[in-house]
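J.: from the sequence below, what's the structure:
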Amino acid sequence: FLLRHWDAYRRELTFIATVQHAGEIGCVQLGPLDYLLSQTPTWHQPWLGTSLTTDLGVPALLLTAGGLALAATGSLGFAGGLYAVTAVAFLVSVSGTGWLKAIRFVLPVVPLLAVLAGAAVERALPAGARRRSLVGLLVVLAVVAVPLQRSLRYLAALRQPSTNALVRDWMQAHVAPASVVFVGPFYTDDLYKLPYRFQWLRDVGARIYRLPPGAGASPERNLIYAPDLVNGLRQAGVEYVVLNSYFDGAFTPVPENVRFFPQAVASYAAFQERLAGEAELVHTQLGWSEGRIGPDIHVWRLRPAG
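T.: Predicted coordinates for the structure are as follows:
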């Protein structure tokens, strides 16, 4: 099918490359080393960071660097050299200033990095079976500490009711049926099962990428949030506004957003200020910071006009 439909594949792959090189608000690389060093969280998956350092830990990266050095000297043979070249080439291919940033993009090389790190450990272990076992155990504990801590916290959070479930229950108890409710983009769509009249933003998914004119929309030119949105909510008869951090966190003024999406970030801040001045925050359900799965959800009640 690749040859038969080559033109269609080419068009789609060209568009995908354009999107990835354009970057997404909240998911954009500040520099070509972001996948190694970035401290920015993943807004819609806060248990994940956006770099190998935050998700695997410094010990694992140091051992991987040792494995790469061994491969560069030829100490790991052809296979080790092939692993090293593949890993480095792949990371280079997905890294670039202003490009889209998502830690899932680097998952294909994690097994290769693990092999290189393991080779570095094997070469560095001291002689003697007992000493090798003890040092090896200590190295393993140091390497798995960060991902293990993150995994255990995630599993513990799964034991708690999600923020979505708690907010659904709260709204059923405190918001009258047939109320007009505005729901922020994505991640809380399960609220649509409740007996309310809903309002939402249109074409959001097409406006989150920094596409150039002619290639598509951009949150810089086609603002998602703006102060005038509050006027639109009033005209639509909205009584409650439900916002979630999995989407809205992408507008946080982290350095990469300030550099590549200054208008979108400033416009979101102005919207929040306008909303706080004309609405009352009636309910907040925190997620990851309180050990729960689900976004931080804020429910606002618009005050009567004037």
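
J.: what's the first helix or strand after the longest helix anywhere in the chain?
T.: Longest helix in the chain, counting residues (DSSP state H): helix 129-158. Next helix or strand after helix 129-158 toward the C-terminus (DSSP states H and E): helix 163-174.

J.: CA atoms of that next one as CSV?
T.: The C-alpha coordinates for helix 163-174 follow below in CSV (Å, rounded to 0.1, in the frame of the first residue of the first chain):
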residue,chain,number,x,y,z
THR,A,163,-11.0,14.2,40.3
ASN,A,164,-13.5,13.8,37.4
ALA,A,165,-15.6,11.4,39.5
LEU,A,166,-15.5,13.7,42.5
VAL,A,167,-16.5,16.8,40.4
ARG,A,168,-19.3,14.9,38.8
ASP,A,169,-20.7,14.0,42.2
TRP,A,170,-20.3,17.6,43.4
MET,A,171,-22.1,19.1,40.4
GLN,A,172,-25.0,16.6,40.7
ALA,A,173,-25.4,17.7,44.3
HIS,A,174,-25.0,21.5,43.8
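
J.: what does it rub up against?
T.: Helix 163-174 has contacts (CB atoms under 8 Å, 6 or more residues apart in numbering) with 181, 187-188, 190-191, 193-194, 196, 240, 242, 282-283, 285-287, 292-297, 299. In short, each C-beta sits where N, CA and C put it, glycine included.

J.: drop anything exposed from those.
T.: Among those, those scoring as buried are 181, 187-188, 191, 194, 196, 240, 242, 283, 285, 287, 292-297, 299 (criterion: 16 or more other CB atoms under 10 Å).

J.: next, count neighbours for residue 24.
T.: 19 (other CB atoms under 10 Å).

J.: cool, and residue 49?
T.: Using other CB under 10 Å, residue 49 has 19 neighbouring residues.

J.: the contacts of helix 163-174 in strands, which ones?
T.: With strands defined by DSSP state E, the entries of those inside them are 181, 240, 242, 282-283, 285, 297, 299.

J.: check what pLDDT residue 136 gets.
T.: Looking at residue 136, its pLDDT reads 81.

J.: can I get the ones in strands among the contacts of helix 163-174 in CSV with distance to residue 58 and pLDDT?
T.: As requested, the ones in strands among the contacts of helix 163-174 are exported to CSV (distance: CB to CB, whole Å; pLDDT from 0 to 100):
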residue, distance to residue 58, pLDDT
181, 45, 97
240, 45, 97
242, 39, 98
282, 43, 97
283, 40, 98
285, 34, 97
297, 34, 98
299, 40, 98
